[in-house]
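> 3D model of this:
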Amino acid sequence: MIVFINRFTVTGDPRAFERAFADTAAHLAERPGFLRHRLVRSTDDPRSYVNVAEWETAADLRAAVHGPAFDEHARSLRALAHSEPHVYEVVIERGTGPAPHAVAESA
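Residues are numbered from 1 along each chain as shown. Below is the predicted model:
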């Protein structure tokens, strides 16, 4: 498993960004290798967001974000935010709570 972390600084309307991100996330969730994601917003800076996504492999992530099907989503996000994407591997993980779960996206 790999972890994809993408920090966004929103330059447009934050609600429009959240809608564009939700559309993009729905598209990516249907790609092979997608496990889960979470979009979080800073409590100190309402224009700062971080997406934390888990994929089975880096190759799955690369395949999902290349090609014309993803390009339109990428253009929508770039029009609203600057991003800093990075791929990580899990080194240590510990937790006592329940496994991550899906949450309803705000409209």
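> Give me the distance between R41 and A59.
Distance, R41 to A59, using Cβ to Cβ, to the nearest Å: 30 Å. Any C-beta I mention is one placed from the backbone N, CA and C, and that applies to glycine too.
> Who has more neighbours out of those two?
R41 (16 against 12; other Cβ atoms under 10 Å).
> give me phi/psi at the spatially closest residue to the more buried one that is not a sequence neighbour?
With sequence-adjacent residues excluded and distances taken as Cβ to Cβ, 6 or more residues apart in numbering, R41 is closest to Y49, at 5.1 Å. Dihedral pair for Y49: phi -130, psi 160, per degrees, to the nearest 10.
> next one: R15
phi -70, psi -40.
> How many residues are close by it?
Count around R15 with other Cβ under 10 Å applied: 12.
> got it, and the one 5 residues further on?
A total of 21 residues lie near A20 under the criterion other Cβ under 10 Å.
> secondary structure element for it?
helix 14-29 (DSSP states H and E).
> Which positions in that helix come out as buried?
P14, F17, E18, R19, A20, F21, T24, A25, L28 (16 or more other Cβ atoms under 10 Å).
> For S48, which non-adjacent residue is spatially closest?
For S48, the closest residue by Cβ to Cβ, 6+ apart turns out to be S42, at 3.9 Å.
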